[in-house]
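Participant: Any chance you could fold what I've pasted below:
(2 chains)
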Amino acid sequence: EAGVTQSPTHLIKTRGQQATLRCSPISGHTSVYWYQQALGLGLQFLLWYDEGEERNRGNFPPRFSGRQFPNYSSELNVNALELEDSALYLCASSLVPGTQKQETQYFGPGTRLLVL
Amino acid sequence: GQQLNQSPQSMFIQEGEDVSMNCTSSSIFNTWLWYKQDPGEGPVLLIALYKAGELTSNGRLTAQFGITRKDSFLNISASIPSDVGIYFCAGPNYGGATNKLIFGTGTLLAVQP
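Facilitator: Below is the predicted model:
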């Protein structure tokens, strides 16, 4: 069974541009989560999508947004890129929220975004 | 907000040694997860704990869910070079409509052959 996949693996942008990152969850998983892992700052929760709706977002500005498609894949968009947006962006997926085991999150390999 | 304190920050050991690391929380968790992250990769789930007092093994790895629900331990026996990486504990914050994971600060493990 395929795990969570993300694309692209690496992305280089300049300040002020927009970045789009993509994620495909594990088959059967309906929840998708986005995390930012910046150097020295650990993993920070960004967004949670379930059944096509944004369920919650972390403490990030509105220029971080996303969506979830009917096939449960997801996009993360970062507008007006800033240098400090350089980080590894990780996507995770889980089954329908319910029991503890169903909510266990499995991560993709990440997209490394570099903003110059 | 909830915080996870993970220790030690780093460990440098010889191949064959046993390793112990732990995670403590300022509040109760109902689930404890242990992940390993290799450089440039996403975290890989090692062990999931769902019940206070639970002791679970995955090969040479053993993790325990503390009775108080505020801590968890991960042990690695007979370490090998491929154990190198960063180990994170995590717990889900299910408060309200939140379904995010709170991560510990990580333990960097280096194993010398």
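
Participant: Surely B:Pro92 touches B:Leu49?
Facilitator: No. Contact criterion C-beta atoms under 8 Å: B:Pro92 and B:Leu49 do not qualify, at 11.7 Å. From N, CA and C alone the C-beta is placed, and that goes for glycine too.

Participant: Identify the contacts common to the two.
Facilitator: B:Thr31, B:Leu33 (C-beta atoms under 8 Å, 6 or more residues apart in numbering or on different chains).

Participant: For these two, indicate the residue with more neighbours.
Facilitator: B:Leu49 (25 against 22; other C-beta atoms under 10 Å in any protein chain shown).

Participant: Can you tell me the closest non-neighbouring residue to the more buried one?
Facilitator: Leaving out its chain neighbours, the residue that sits closest to B:Leu49 by C-beta to C-beta, 6 or more residues apart in numbering or on different chains is B:Phe65, at 3.9 Å.

Participant: Pull the number of nearby residues for B:Cys89.
Facilitator: Using other C-beta under 10 Å, B:Cys89 is surrounded by 29 other residues.

Participant: One more: B:Glu41?
Facilitator: 15.

Participant: measure it to chain A for me?
Facilitator: Noted for B:Glu41: a distance of 5 Å to chain A, by C-beta to the nearest C-beta, to the nearest Å.

Participant: now swap in B:Ser7 and tell me
Facilitator: 14 Å.

Participant: now B:Met11
Facilitator: Counting by C-beta to the nearest C-beta, the gap from B:Met11 to chain A is 18 Å.

Participant: Do I have it right that that residue meets B:Val19?
Facilitator: Yes. Counting by C-beta under 8 Å, B:Val19 is a contact partner of B:Met11 at 6.1 Å.
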